Structure formats: structure tokens, C-alpha cells
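Colleague: Any chance you could fold what I've pasted below:
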Amino acid sequence: MKTNTTSSSKALFLDLDGTLLNDQKEVTPGNREAIEKALAAGNKVIISTGRPLVSAIDQAEKLGLTTPGCYLIAFNGCILYDTANKEIIYSISIPLDLVQKVFAEARRRDVHIQTYSNTRVLVEPCFDDPKVERYCHLTNMKYEVLPDISDLTVPPAKMLLVDYHNKTPLDDFSKWLDSWASDCLDNFFSCNEYLEIVPKGLSKGKALLQMADLLHIPVENTIAAGDAANDYTMLEAAHQGICMQNGSDELKAIADYVTSADNNHDGVAEIIEKFIL
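Modeller: Below is the predicted model of the structure:
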């Protein structure tokens, strides 16, 4: 990977939902114009999302963030991707034996669980249900039904438990994971409906530091913006951690700055004007 980064270049790490995207899942004209100015000035713009790789790439293409200087972090840090050169520059995955154990417990509890290839959501027949259909509609993805998770041959980047109506089963599952898997898996909520399971030590914050190192950008030149719990480590790792006005109180409490505008009213443009341009 070749970069033309100078010591004055800055890297802006942006969460998608609730940050870069408005409530209609679009980028406002003001945000788009500000991003174009930041890139033209030689800075880097990195999408950082819990979304699967194929969904993140699709979103980057729709937003036009595929020119030199654009990158993305997918699966909450499991994959780093160069959108201009269309290549994975870093990846890590969950061992298959752990995947099988977690799936077995989800089946026992009747809690929806899914995992991923680089192009598809993967479920077993018992979870071929409205939850995965809704998820795929929201993320513009397709899904594949495996006869059994033991048929999976490539270790996945993450697993996801889903409940759109009741958070309690997910809370209970999180406690079960903590009781035995704390040395090999991390789990956290990206929203009340989604419990994410990723390799131990993986986070948006660690991915930010890895990406900054790959791009030869000093940490003091990094800015990160988000709105939810899974953005916590990213805001802590960045030199300037910024919470959107529409963000959670938890995130606002640790942010260096809270935007005046929310995700529907050019909040990212406010960040770019204040901290980059």
C-alpha cells in the first residue's frame, strides 16, 4: 500500500449510522461538501463501522468515498480496507470451534444469531426468520442458509445476536459469554438490538491506532466521531474524540467535544471545519 501522507495530514474516523449518515441513511449535502474539501487538502477519511465488509464497501461506494485518501474499518475493527485500491490491508477472525460453541448456546436459548462471510450474512435454518430478513434489508445485504454452522470452513470476523423487541435475552447471553470467554472473545452492544461478538482485544479504538500507523499519521493528527457505545474506544484512542449531538450520554461524558449540530444537520461538516480545515 502506497500513501502520500505528509506530517500535516489528518485522519478523520467516522462512524456511519447516527454520525455520517442522517436518519434517512443519507449524507447531507453540507457533510458531503466538507468531506470533499478535507480530501482535497490531503487529509484521510476513514469510515469506521460495525457493519460487515460488503455492506461497508457498498456504503462507501454510494457515498463516493472510494478515491485516494479513503479507507474503511469494518466489523468494529476486524477488517481494515483500502477503498481506493480495493484491498484488505488487515484482518482477524474468530476460531471455528468458538463459533460452534456460541451458536450451540444461541440455539439452546432460541436467541437469533448470525455470522458472516466477506459477502453474505450466514445463518442456520432455525434462524432463517424475519430478524435476518429485517437486518439484511437495513444493511442492503444478502444472506445464505448453512445446513449447520459446522459446515463453515473460513473463520468469520464476528458474530451478531439480534433481538428487535427485548434486550433481556441479549443481556443474559452477554453474561454467559463473560463467564467463560472473556480471555478470547469480547462482546458489546452496538445498539439495544445488537450484541456484537468479536475476537478479544478488537475494537474501533485499536483499529484507529492500527490504521493511523499504516497511514503514517501521528495519533495527535487523528479525529474520531461517533454516537453510540461501540464508538467509545475510538473516541478514547483519537487525539480528538467527538460525540454527535444526537449521541448517547455515556459517549458525551468522555468526548473532548460535542457537536452543536446532530447527524441530520451537517454535524460532520461542523467537525471538519473546526478540527481539520
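
Colleague: Which parts of the chain are helices?
Modeller: 29-40, 53-63, 96-109, 130-139, 168-180, 204-214, 232-237, 249-254, 267-275 (DSSP state H).

Colleague: In terms of mean pLDDT, which of those ranks lowest?
Modeller: Among these, helix 53-63 carries the lowest mean pLDDT, a mean of 91.

Colleague: of the helices of the chain, which approaches residue 47 most closely?
Modeller: Nearest to residue 47, of all the helices of the chain, is helix 53-63, at 5.8 Å by Cβ to Cβ. In this view, the C-beta of every residue, glycine as well, is placed from N, C-alpha and C.

Colleague: For the closest residue to residue 67 other than its chain neighbours, list the residues it contacts.
Modeller: Of all residues beyond its chain neighbours, the one nearest residue 67 is residue 84 (6.0 Å), with distances taken as Cβ to Cβ, 6 or more residues apart in numbering. Taking Cβ atoms under 8 Å, 6 or more residues apart in numbering, we find residue 84 in contact with 66-70.

Colleague: For residue 84, give its distance to residue 130.
Modeller: Distance from residue 84 to residue 130, counting by Cβ to Cβ, to the nearest Å: 37 Å.

Colleague: picking up where we left off before, which among the helices of the chain is found nearest to residue 223?
Modeller: Among the helices of the chain, helix 267-275 comes nearest to residue 223, with 5.0 Å by Cβ to Cβ.

Colleague: List the buried residues of the closest one.
Modeller: Buried residues in helix 267-275, counted by 16 or more other Cβ atoms under 10 Å: 267-272, 275.

Colleague: export that helix as CSV, just CAs?
Modeller: What follows is helix 267-275, C-alpha atoms only, in CSV (Å, rounded to 0.1, in the frame of the first residue of the first chain):
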residue,chain,number,x,y,z
GLY,A,267,-22.7,17.6,12.3
VAL,A,268,-19.7,16.1,10.4
ALA,A,269,-19.2,19.3,8.5
GLU,A,270,-19.0,21.2,11.8
ILE,A,271,-16.3,18.8,12.9
ILE,A,272,-14.3,19.2,9.6
GLU,A,273,-14.5,23.0,9.7
LYS,A,274,-13.4,23.1,13.4
PHE,A,275,-10.7,20.4,13.6
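
Colleague: which helices and strands does it pack with?
Modeller: Secondary-structure packing of helix 267-275 (3 or more Cβ pairs under 8 Å, 6 or more residues apart in numbering; DSSP states H and E): strand 11-14, helix 29-40, strand 222-226, strand 240-243, strand 257-258.

Colleague: For those, give me JSON lines that also has mean neighbour count.
Modeller: Converted to JSON lines, those look like this (neighbours: other Cβ atoms under 10 Å):
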{"stretch": "strand 11-14", "mean neighbour count": "28"}
{"stretch": "helix 29-40", "mean neighbour count": "18"}
{"stretch": "strand 222-226", "mean neighbour count": "28"}
{"stretch": "strand 240-243", "mean neighbour count": "26"}
{"stretch": "strand 257-258", "mean neighbour count": "16"}
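
Colleague: To residue 205, which of the ones you listed lies closest?
Modeller: strand 222-226 (8.3 Å).

Colleague: model confidence over the closest one, on average?
Modeller: For strand 222-226, mean pLDDT rounds to 98.

Colleague: try stretch 15-28
Modeller: Stretch 15-28 shows an average pLDDT of 93 in the prediction.
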